[in-house]
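S.K.: any chance you could fold what I've pasted below:
(chains A and B)
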Protein chains: 2
Amino acid sequence: METLKELAEALGPRNCLTEAGDVAPYAVDWRQHWHGTPAAVLRPGTTEEVAIAIRACAAAGLAVVPAGGRTGLCGGAVAPANGPPSVVLSLERLNRIRSVDARDFSIVAEAGCIVQNVQQAAAAVDRLFPLSWGAQGSAMVGGALSTNAGGIRTLRWGNARDLVMGLEVVLPDGRVLNDLRRVRKDNSGYALRHLFLGGEGTLGVITAAALRIVPALKRVETAFVAVPSPEAALNLFSRVMESGADVIAFELIIGECMDIVERNGIGIRIPLPVGSPWYVMVELAAAHPSVPLREMLEDTLAAGAEAEDVLDAAIADNEAQRAMIWRIREDWPDCGRREAPTINTDTAVPVSAVPEFCARVKAALAERWPEGRLIAIGHAGDGNIHVSLMAPRGTSYADWTARARDAEGIVNAISVDLGGSFSAEHGIGQSKRHAMATHKDPVALGVMRAVKAAIDPRGMMNPGKMLP
Amino acid sequence: METLKELAEALGPRNCLTEAGDVAPYAVDWRQHWHGTPAAVLRPGTTEEVAIAIRACAAAGLAVVPAGGRTGLCGGAVAPANGPPSVVLSLERLNRIRSVDARDFSIVAEAGCIVQNVQQAAAAVDRLFPLSWGAQGSAMVGGALSTNAGGIRTLRWGNARDLVMGLEVVLPDGRVLNDLRRVRKDNSGYALRHLFLGGEGTLGVITAAALRIVPALKRVETAFVAVPSPEAALNLFSRVMESGADVIAFELIIGECMDIVERNGIGIRIPLPVGSPWYVMVELAAAHPSVPLREMLEDTLAAGAEAEDVLDAAIADNEAQRAMIWRIREDWPDCGRREAPTINTDTAVPVSAVPEFCARVKAALAERWPEGRLIAIGHAGDGNIHVSLMAPRGTSYADWTARARDAEGIVNAISVDLGGSFSAEHGIGQSKRHAMATHKDPVALGVMRAVKAAIDPRGMMNPGKMLP
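M.R.: Sure, this is the predicted structure:
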C-alpha cells in the first residue's frame, strides 16, 4: 500500500511495521479477548510525526487505533474484528518527560510515558503523582487519560481527569490542538480537554499532558478492618472522612475473598482471622511527619468499635506490614483467576447506596445462579464496588461465561436503578458498547454522536469503540 | 408577539415579563457596563417549564439569554446590544435543594439556588460546600457552574467544575439531558457535563446539579504575612503545601493595597505595619479539632523567617481577628473603587511563573503609564493574580478607561507569553471576546465552533457571548 510505504519513509522502517509477526502483538489485547487485523503498526516518535501519520491515514481512508501500554480491560486499543481497514498508532516512542516543576506542582509528560515513570519523576523532586493502580508499571499516560483511569487513590485526588491541567492533541485532520497549559484556572472557552480525557481515542490522539503533582507523602497509616456489613463500612467511612486526615484509600472487600486469597495467594498473610463477612482497608496519609495520623486512625477505629461498626482491626506497624495489606488487594485478581472463572463488572453507585447495591446484587445473583459465589471488592469511598460472579471450582471459563453471561447485565441494571453508572473506571471500549445502548440516556447518546461527527466527521478515529 | 402570549399562559403572567419597567432590571448588569433590549423575561419554575420556554423560543426564532444571580463581571447574562431578538431566561425560581446526603457527601441543587444557601444546607448536616467568593450571597448555582467560578478556596477543592458530579441540562431543542448522577466515577462516554460547565449558557441551560460536599472544617488557622517579594511568597507557598495541613487559601497582595485599604476601608485594622512590598494571606484548615494546625503554621512561618522569605507575620487568635484579615481581601474591591478608577484583569500563569509575571507586568505598565499605580491581588496558589492599573486620585473613570484601556491587553499578552491564560476565573462573556480572538489557539477556536454548531445549530443560546 502506497501510504504505508510513504509512512515507512517518514517514520523510518522500524516504525511502520507491516510484517505479520511484528503486527501480531498489537492485534490482540493482553487477555486475548479481542482480536483485530490492523494493516500496520505505526510508532511515531514526535507529535509532528503523529500528525504526519494521521494526515496520511486520513488521506488513504485508513482508520486509526491509538494504543499505549495496552493494559485496558475493554478492548479499546485493539482494532475491531471485521472493522474498516486500520492501523494501530502506538505512542510508545513518545515517552519523554518534557518538564518537572516542583514549585509549580506540575509535570509535562508525553503520552507514551509509563505511569510509574511519571510517579518516579515526581518522587525525584519530593512530589507525588497520585494516579496509581495495578497496571501502573505498563500502562502509559495517554491510555490512562484517554480512559480516565481511576484506581486506589481517587478518593483524595480524583480520577485521571482531575489531574490534568492541559493537553496536546492531534486531531483527526492532523492539526495539533495545543492546550498544554500548566495553569489551574483557565476559563477561556469550552474545556475541550474533557472531551479527549475519557474519549478513548475516538476524537483524536493525546500526545502530551500537563499533569498535577502534589506534595510527597511523609507519613502513611494503613489499617485492615473487619466490619459486620456494608452499612457499618459506610458508617466507618464517614468517621474516617471526619478524622481530620487525608483519606487516600477506603476499600471494601467481601469476606469470601479472604478464603480465596488464603488458598491461592503466594506468601500472603492476612493480618486478621478470616471469617468476618466484610473487610475494609483504610489508608491515611500526610505531607508532613508531624501529623498525628496514628492517633487519628486509632481514635477513629475505637469510635467505630464502640458503635459496633468495627469488629476487629490491624494497623500496619511498618512498611512490610503495610505492603502485606496492600498485597491482599492487589494480588486479588491473580488469586481469583487461580480459583475459578468469574464474570466481572465495573459499576459505581452513590456512596450512600453501597449497602443497598450489595444487598440487591447478592439477592439477584443468588436467585439465578445459586451455585455461583458473590465477589465484591472495590473502592467504597467512590461507590465503585467491583462485583464478580465466581463459578464453582472446576468450572471451565467457556462453560461459566456461557451460563452466567447475563450476570453483568443484572449488576449494571441494579447500579443504574440506584442512580449509578454501568461503567465506573474501566471505560467502554468494545466490551460495553451494548451496555451503552441499553443504559445510556438516549439524549446524551445523541449529543455524543453530534460531538463525534463534529470533530471526526469521517469516523476514522478508533472506530467500533465507545459509541454504540 | 404570539409566542410570548403563549408563554405567559404556560408559565403564568408573572413569569413572562414584557412591561418595560419589569424587563429593565434584567437588561443591564450590576455594574451597568452592558445593556441589551430583551423582548421579555421568562421565569420558569421547573425543568419542564424551562424546556417549554426553550422550545417556544426556538420555534419563534428568539435567542435565549440564561441568567442567574447576575453577579458576573463579563456581561455573560445580559442580552447583547444590537443582538438578535431575545429573551432573558431567569432561573431564579428554580431554587429548590432537591437532596442533601451527608453520608454521600452530595447535594443536588437547582440552578436558581443562591450559593450561600447551598453552603448553609451543607453546614446543616456537618458538611462544607467549598465554593466561596465575594458574591456568594447573590450568585446562583447555575451561573457559578456556567462560568466555572473560582474564588478563594480553589487551591484545596478546585473550581466550580471540580465540585460537580452530574448535571441536568435543557438543550437548545428543548430536550432534557439527564445526567444528574451522584457518582464519583462514571466513564460511560464523553464527559458532556464539562461542555456546559464553563460554557456560559451557549450550549444549553443548566437546571440542576449534583454537587460534592466535604467534611465540615473544625479548625482553621489564618495568618497575615509580610514578605519581601513574589519569589519569597512562592518559597513560602511550597513550605505551606508541605506543612501537612490542608491549605485552603494562599493569597498574594501588593503592598500598595494596604495604604489604599487604610485610607478607604471602613473599620478595617491591618494586623501588621504597612510598608512591606508584598503581603500573603495563608489559611489552613482541618476536619477535626485534633489536627495541630497552629503548630504547623507557626513552624512553617518560622522556617520561612529563617530563610528570609517572611518579614513579619500575624496569626489570628480568634474568629474576630480571622474575619478582620479576610476583610482586607474581601473589601478590597470597594476600597479600590473609592480610591480611583482601575483597569482590571483576570489572568493566570503557572504558579512558578508568578514572580516573573509580576516583574514583567510592573515594568511594562510603568513604562507606558508612569502615572498609574500597579495593583496586584489574587490567588497566588492558583497563579491567578488579579492585576489592575489604578489611576492617580481624582482621575475620572471615563478619562482613565480611554487613556489606559490597552493595559488589559498588555497584561493578557504577558500572561499568555508565560504559558498562562488571559481568562482565569471570570469568564469571557461579552468583555473578553476580543481577547479570545487575539490569544486563543485558532485550532481550539475551530473545535469550539464545531461543537457549538453541533449542539446549538441555530445559534440561539446566549448569542454574542464567549466565541468571537
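
S.K.: quick one: the residue in the stretch 101-250 of chain A positioned nearest to chain B from residue B:162, how far?
M.R.: Residue nearest to chain B within the stretch 101-250 of chain A: residue A:244 (2.7 Å; Cβ to the nearest Cβ). The C-beta positions use only the backbone N, C-alpha and C, and glycine is treated the same way. From residue A:244 across to residue B:162, the span is 22 Å (Cβ to Cβ, to the nearest Å).

S.K.: who's more crowded, the two?
M.R.: residue A:244 (30 against 16; other Cβ atoms under 10 Å in any protein chain shown).

S.K.: element containing the closest residue to that one other than its chain neighbours?
M.R.: Once flanking residues are discounted, residue A:244 sits nearest to residue B:288: 2.7 Å by Cβ to Cβ, 6 or more residues apart in numbering or on different chains. Per DSSP states H and E: residue B:288 is located in neither a helix nor a strand.

S.K.: any regions of chain A where pLDDT drops low?
M.R.: Of all residues in chain A, none has pLDDT under 70.

S.K.: domain map for it?
M.R.: Listed by automatic domain parsing, the domain ranges of chain A are A:2-90, A:97-215, A:219-329, A:340-439.

S.K.: tell me the most buried of the ones you listed?
M.R.: Compared across those, domain A:97-215 shows the largest average neighbour count, a mean of 23 (mean count of other Cβ atoms under 10 Å in any protein chain shown).

S.K.: any idea which element residue A:51 lies in?
M.R.: Using DSSP H and E, residue A:51 sits within helix A:47-60.

S.K.: helix or strand right after that helix?
M.R.: Following helix A:47-60 toward the C-terminus (DSSP H and E): strand A:63-67.

S.K.: that following strand near chain B anywhere?
M.R.: No. On the criterion Cβ under 8 Å from any Cβ of the partner chain, strand A:63-67 is out of touch with chain B, staying 15.9 Å away.

S.K.: what helices or strands is that strand leaning on?
M.R.: If you count contacts as 3 or more Cβ pairs under 8 Å, 6 or more residues apart in numbering or on different chains; DSSP states H and E, strand A:63-67 packs onto helix A:47-60, strand A:86-90, helix A:141-146, strand A:205-212.

S.K.: so what strands line up beside the second one?
M.R.: The strands that strand A:86-90 pairs with in its sheet are strand A:40-42 (parallel), strand A:63-67 (parallel) (by DSSP bridges).

S.K.: export these as JSON lines, with columns for distance to residue A:310.
M.R.: Below are the strands paired with strand A:86-90 laid out as JSON lines (distance: least, Cβ to Cβ, whole Å):
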{"stretch": "strand A:40-42", "distance to residue A:310": "52"}
{"stretch": "strand A:63-67", "distance to residue A:310": "45"}
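
S.K.: can you tell me the element the residue nearest the centre of chain A falls in?
M.R.: Nearest to the geometric centre of chain A sits residue A:149, at 3.5 Å (Cα atoms, centre = their mean). Using DSSP H and E, residue A:149 sits in no helix or strand.

S.K.: from memory it sits against residue A:131, does it?
M.R.: Yes. If you go by Cβ atoms under 8 Å, residue A:149 and residue A:131 touch, sitting 6.5 Å apart.

S.K.: which residues do the two both contact?
M.R.: With contacts defined as Cβ atoms under 8 Å, 6 or more residues apart in numbering or on different chains, the residues adjacent to both residue A:149 and residue A:131 are residue A:160.

S.K.: roughly how far apart are the residue nearest to residue A:244 and residue A:140?
M.R.: Distance from residue B:288 to residue A:140, by Cβ to Cβ: 39 Å.

S.K.: also residue A:9?
M.R.: 26 Å.

S.K.: one more: residue A:162?
M.R.: 19 Å.

S.K.: same check, this time on residue A:269
M.R.: Distance from residue A:269 to residue A:140, by Cβ to Cβ: 33 Å.

S.K.: same thing with residue A:99?
M.R.: Distance of residue A:99 to residue A:140, computed by Cβ to Cβ: 18 Å.

S.K.: what does residue A:343 give?
M.R.: From residue A:343 to residue A:140 the distance is 28 Å (Cβ to Cβ).

S.K.: repeat for residue A:307
M.R.: Between residue A:307 and residue A:140 the distance is 44 Å, computed by Cβ to Cβ.

S.K.: tell me where the stretch 101-250 of chain A has strands.
M.R.: A:106-110, A:127-128, A:164-170, A:176-179, A:205-212, A:214-215, A:219-227, A:246-254 (DSSP state E, counting those that start in this stretch).

S.K.: turn those strands into TSV, including distance to chain B.
M.R.: Shown next, in TSV, are the strands of the stretch 101-250 of chain A (distance: least, Cβ to the nearest Cβ, whole Å):
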stretch	distance to chain B
strand A:106-110	7
strand A:127-128	10
strand A:164-170	9
strand A:176-179	5
strand A:205-212	9
strand A:214-215	5
strand A:219-227	8
strand A:246-254	8
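
S.K.: confirm residue A:328 sits in a strand?
M.R.: No. Assessed with DSSP: H, G, I helix; E, B strand; the rest coil, residue A:328 is helix; it does not lie in a strand.

S.K.: would you agree it is in contact with residue A:224?
M.R.: Yes. In terms of Cβ under 8 Å, residue A:328 counts as a neighbour of residue A:224; the distance is 7.4 Å.

S.K.: what do the two both touch?
M.R.: With Cβ under 8 Å, 6+ apart, residue A:328 and residue A:224 have common neighbours A:270, A:281.

S.K.: how about the strands paired with strand A:86-90, which one is nearest residue B:251?
M.R.: In terms of Cβ to Cβ, the element of the strands paired with strand A:86-90 nearest to residue B:251 is strand A:63-67, at 41.7 Å.

S.K.: quick one: that closest one to strand A:164-170, angle?
M.R.: 140 degrees (axes from the mean of the first three to the mean of the last three Cα atoms, to 10 degrees).

S.K.: now the angle from strand A:63-67 to strand A:205-212?
M.R.: 30 degrees.

S.K.: quick one: strand A:63-67 to helix A:47-60, angle?
M.R.: With the same axes, to 10 degrees defining the directions, strand A:63-67 sits at 150 degrees from helix A:47-60.
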